[in-house]
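J.: Need coordinates for the following:
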Amino acid sequence: MASDKLPIAIILPHASVETPPELEGRLAIDENDIFNEADIYTDLIFDFRDQVTHWLRFPYARALIDVNRPDDPSMLKRVGDGVIKDVTSYGRAVFKPGQRPDLAEERELVHRYWQPWHQQLAAIADDPDIKLVIDAHSMAARGPRKYDPQEQLRPRACVSNLGDAAGRPNGLADTTMAVASLRFLGQEIGQRFARLDALCEYADPGPVVLNTPYRGGWDLKAHGLGSRQPWAMIEVSRAMYVGYQDESTPARPPRTDEIGRLREALWEAIAGLYRTLAG
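T.: Here you go, the predicted structure:
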């Protein structure tokens with residue numbers, strides 16, 4: 001019997017809050033810090049596992065292991081923001097003194113967790129049956145003070161293809177999705193999110209923007225460039241379903257009504273994009 005799943009892959013590198021067993025008892029941060037670092041509840045917002053061919057969720061907290069970073073410290077934008085984290089985005093030390101993994105253990109963690117994730121993404125990128133990949137994320141209503149001192153109110157969502165604010169190549173030879181397709185996706189999400197004003201007290205009420213504040217991370221760059229299918233990153237403001245958030249925000253249970261409405265709006269937009277790509 002033919003599957004009714006669409007040939008789409010959804011990847012969730014930052015949705016989890018779990019601690020790898022190797023790091024238990026070694027952390028200087030607590031569950032609230034991990035909550036505020038995570039793309040919390042994106043596994044619920046983008047829960048299309050019954051509707052798509054591939055649905056991948058990295059099982060551990062990005063505050064500890066970040067598979068959306070290159071395994072090369074020289075390529076990092078911020079010191080301590082590599083695969084194995086040293087500091088949170090709010091500047092807090094991740095490990096207790098003397099408890100950070102040494103080089104040998106770090107390499108083992110990369111081998112055990114980072115490499116299998118990227119092997120799965122490489123297989124998706126090389127799969128001729130997959131027609132669209134969505135790299136699913138969320139962002140705090142305002143950027144952390146550590147690297148966003150103006151604390152500008154962020155948009156309800158952004159969509160990214162490693163390009164500039166118009167979706168065109170920006171310092172690279174190519175992007176991961178054609179400009180017209182990225183704009184279509186942003187417009188479709190924006191139209192649906194505009195109907196959810198009750199959720200937007202701490203989000204910019206303007207349209208969904210392209211490549212701002214994020215152009216895309218390592219997953220997009222390593223696997224989306226030159227792949228068989230278009231890749232796009234979607235960042236949803238957590239203002240839409242968590243509210244205002246900073247380093248002191250306590251962990252909160254999911255707001256299921258808001259999450260359900262966001263999930264429905266996003267699926268309509270993603271499925272609509274797929275239909276345009278399929279002709």
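J.: which residues touch residue 106?
T.: Listed by C-beta atoms under 8 Å, 6 or more residues apart in numbering, the contact set of residue 106 reads 83, 84. Bear in mind the C-beta positions are built from the backbone N, C-alpha and C, glycine included.
J.: and the nearest residue to residue 5 once chain neighbours are set aside, which of the three is it?
T.: Sequence neighbours aside, residue 53 is the residue nearest to residue 5 in space, at 5.3 Å (criterion: C-beta to C-beta, 6 or more residues apart in numbering). Under the three-state scheme (DSSP: H, G, I helix; E, B strand; the rest coil), residue 53 adopts strand.
J.: What count of nearby residues applies to residue 53?
T.: A count of nearby residues for residue 53, using other C-beta atoms under 10 Å, gives 18.
J.: Residue 42 contacts residue 236, correct?
T.: Yes. Taking C-beta atoms under 8 Å as the definition, residue 42 is a contact partner of residue 236 at 7.3 Å.
J.: Which strand residues bridge the closest residue to residue 49 other than its chain neighbours?
T.: Closest residue to residue 49 apart from its sequence neighbours, by C-beta to C-beta, 6+ apart: residue 55 at 3.8 Å. Under DSSP bridges, the beta-bridge partners of residue 55 are residue 10.
J.: so how far is residue 9 from residue 55?
T.: 8 Å (C-beta to C-beta, to the nearest Å).
J.: With neighbour numbers in mind, choose between these two.
T.: Per other C-beta under 10 Å, whichever of residue 55 and residue 9 has more neighbours is residue 9, with 24 against 19.
J.: Count the residues that sit near the closest residue to the more buried one other than its chain neighbours.
T.: Nearest in space to residue 9, with sequence neighbours left out and distances taken as C-beta to C-beta, 6+ apart, is residue 54 at 3.8 Å. When counting by other C-beta under 10 Å, one arrives at 18 neighbours for residue 54.
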